[in-house]
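Visitor: kindly generate the corresponding structure for this input.
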Amino acid sequence: MKKGLNIGVVGCGAHAQIAHLPFITKHSECRLSAICDSDPRKIDHLGSKYGITKRYLDFQEIVQDPEIDALVIATPNYLHVPMSVAALKYGKHVLCETPMALNLREAREMVRIAKRAESKFVLAMNNRLRPDVQILKKFIRESELGEIYYAKAGWLIGTREWILSPVRLESLSTGGGAFLSLGVHLLDIALYLLSNKRPKNIFSSVHRKEAEADVEDTAMCIINFKDGALLTIEVGWSLLFEKDFLYCNVFGNRGAALLNPLKIQKELHGELFNVTPTIAQKNIYRTSYESQIDTFVACLTRKAEAPICSEDGLLIAEVTEAFYTSAQKEQLVTI
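Guide: Okay, here's the model as predicted:
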């Protein structure tokens, strides 16, 4: 029998089923002890699949369970703050999905509470833990590409992949638009790779293809950093595209790199050479999810430093708030 932490998962949608449930179940230092979701059929199915006897329809019941040590908050975006706050107040450690909050005010309150809590608060930013991102981070940290002066990232989803049904529209309007749903994950990667730089200002623009939508389906922005570096981000989920198009590229004065797939080129003696290391793992996302639960458990059991804390989420919230302010005012906004 496994020993260690008892972990509960709140919100058992597709992402939880892909990113959390299977990897918690397989971990040697923790147990998937409970699940919670408003859909009884879903928790019955998953409970049977993973052998979970504690199945809650009411969040208050799982958060008050004295046998649960930690909770994974994988609910819709607007529930991240209230559920995380409640969990911390009941002494539960928290692994919260991104974005941490819907706005900067909520994010600041979340940071304040997390700092005062005796329990740990960790953000589920698995993209930073991808092996390709870790390799690129090492190249940048060791100045192998020189000074990074430009980065661009995008996540474009075709209409065939992302159907805007009435139910989907309602879900999106309560959880944020394209930038809050997609852009924050690109911000996560970009700000991690450019962690030695501080954003200065932002200019953004949004578009709503569906007239009845309360949120944008397409968005872009230009972020200027204090040292003169530049970052552009574009996202959309209603494009006439056959499949997803996801990328993050960085350019330095001695080399450049592309993600998805990883390719690193470096200038040597006036010529460009491909210096891309081999990545053993075939599925970079699976590896990132495994690393995510590994680092979370290590943070709780071995007092290791949390790889992604509330301060990281706060910076993303600051940029996101400035993004929407810029789009509304149609002008450059200081971050």
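Visitor: any weak-confidence spans in the stretch 1-150 of the chain?
Guide: Along the stretch 1-150 of the chain, segments meeting pLDDT under 70 span 1-3.
Visitor: what do you get if the cut-off is 50, keeping everything else the same?
Guide: Along the stretch 1-150 of the chain, the parts satisfying pLDDT under 50 run over 1-2.
Visitor: hey, where'd the helices end up in it?
Guide: The residue ranges that make up the helices of the stretch 1-150 of the chain, judged by DSSP state H, counting those that start in this stretch, are 14-19, 21-26, 40-50, 59-63, 80-89, 104-116, 131-141.
Visitor: and the fifth one with helix 104-116, angle?
Guide: So that's helix 80-89. Between the axes of helix 80-89 and helix 104-116, defined by axes from the mean of the first three to the mean of the last three CA atoms, to 10 degrees, the angle is 20 degrees.
Visitor: CA atoms only: put helix 80-89 into CSV for me.
Guide: Written as CSV, here are the backbone C-alpha positions of helix 80-89 (Å, rounded to 0.1, in the frame of the first residue of the first chain):
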residue,chain,number,x,y,z
HIS,A,80,-9.8,29.2,-8.5
VAL,A,81,-9.6,31.9,-5.9
PRO,A,82,-12.6,31.1,-3.6
MET,A,83,-11.8,27.4,-3.6
SER,A,84,-8.0,27.9,-3.0
VAL,A,85,-8.7,30.4,-0.2
ALA,A,86,-11.2,28.0,1.5
ALA,A,87,-8.7,25.1,1.2
LEU,A,88,-5.9,27.1,2.7
LYS,A,89,-8.1,28.2,5.6
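Visitor: show me how far it is from its chain's centre.
Guide: Taking the mean C-alpha point of helix 80-89 and that of its whole chain, the gap between them comes to 18 Å (CA atoms, centre = their mean, to the nearest Å).
Visitor: so which other helices or strands are in contact with the helix or strand hosting residue 289?
Guide: Secondary structure from DSSP states H and E places residue 289 in helix 284-301. If you count contacts as 3 or more CB pairs under 8 Å, 6 or more residues apart in numbering; DSSP states H and E, helix 284-301 packs onto strand 5-10, helix 14-19, helix 21-26, strand 93-97, strand 121-124, helix 131-141. For every residue, glycine as well, the C-beta is placed using N, CA and C.
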